[in-house]
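Asker: structure, please.
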Amino acid sequence: MRVRNEHERRLNVLPSEVGRLLDTLGSPNDRLWPHRTWPPLRLDKPLAVGSVGGHGPIRYRCVAYEPGRRVEFEFISKGLSKGLQGRHAYWVEQEADGSALLRHTLHAKMDFMAYLRWFLIVRPLHDALVEDSLDKAELHLRGKLARDRRWSARVRLLRRALGASSAGVPECRSAGPTA
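Answerer: Numbers count the residues shown, from 1 in each chain. Okay, here's the model as predicted:
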């Protein structure tokens, strides 16, 4: 089974400003990944082709990196990633008006068990995490969010079931993840 999952955020800033955030991914000064409310993205060395890491139980390696423009990771099929072949990436694109589009894509092929895990558990958590990362970028670049996004009841329930706190205040929001 194939899965395509895409998220994007239009930001009224120069693409180079978004690219500077992208380049901090996995570093101690990461300004893109929502590491205060989700498992941090950790790499075995600074962001570069060949660096290996992941977040929580998801493992991957960097297979493409264009500083300020794009980073792409390939899943390592073990743990929660077992039965999963594919990639996920962050892209910075320039819009016609000169502003930036920050995009996250996940394209994968999954066996039945991986797809079942994806559909029931991983997808809602993944979607919330990626939207939180886009919120973090928007907050860093604009100083505020155009729209307050809150975790769904399903995401809060899954986080609680998996032992993650739903009561904490997300790093990008002024209000907690309620309703």
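
Asker: mind checking how far stretch 116-130 is from the chain centre?
Answerer: 11 Å (CA atoms, centre = their mean, to the nearest Å).

Asker: so that it lines up with my notes, have the first residue be 55 from now on.
Answerer: All right, first residue 55 from here; so that's stretch 170-184.

Asker: check which residues of it are buried.
Answerer: 171-172, 176, 178-184 (16 or more other CB atoms under 10 Å). The C-beta positions use only the backbone N, C-alpha and C, and glycine is treated the same way.

Asker: Throw these into CSV and include distance to Val67 and pLDDT, thanks.
Answerer: Below are the buried residues of stretch 170-184 laid out as CSV (distance: CB to CB, whole Å; pLDDT from 0 to 100):
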residue, distance to Val67, pLDDT
Arg171, 36, 92
Trp172, 33, 94
Val176, 31, 93
Pro178, 29, 97
Leu179, 28, 97
His180, 25, 97
Asp181, 24, 98
Ala182, 24, 98
Leu183, 22, 97
Val184, 19, 98
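
Asker: in strands only, show me the residues you listed.
Answerer: Members of the buried residues of stretch 170-184 lying in strands (criterion: DSSP state E): none.

Asker: specify which member of those is nearest to Leu211.
Answerer: Pro178 (9.3 Å; CB to CB).

Asker: I figured Glu62 hits Leu155, correct?
Answerer: Yes: under the criterion of CB atoms under 8 Å, Glu62 is in contact with Leu155, at a separation of 5.7 Å.

Asker: using a markdown table, please lay out the buried residues of stretch 170-184 together with distance to Ala143.
Answerer: Listed next are the buried residues of stretch 170-184 as a markdown table, based on distance: CB to CB, whole Å:
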| residue | distance to Ala143 |
| --- | --- |
| Arg171 | 21 |
| Trp172 | 17 |
| Val176 | 17 |
| Pro178 | 20 |
| Leu179 | 19 |
| His180 | 14 |
| Asp181 | 16 |
| Ala182 | 19 |
| Leu183 | 15 |
| Val184 | 11 |
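
Asker: where does the protein dip in pLDDT?
Answerer: Applying pLDDT under 70 to the chain flags residues 219-233.

Asker: going along the chain, name the strands of it.
Answerer: 56-65, 95-97, 106-109, 112-120, 124-129, 138-148, 154-164.

Asker: reformat these as a markdown table; add mean neighbour count and distance to Gly217.
Answerer: Shown next, in a markdown table, are those (neighbours: other CB atoms under 10 Å; distance: least, CB to CB, whole Å):
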| stretch | mean neighbour count | distance to Gly217 |
| --- | --- | --- |
| strand 56-65 | 15 | 24 |
| strand 95-97 | 19 | 19 |
| strand 106-109 | 18 | 15 |
| strand 112-120 | 18 | 16 |
| strand 124-129 | 21 | 23 |
| strand 138-148 | 19 | 22 |
| strand 154-164 | 19 | 24 |
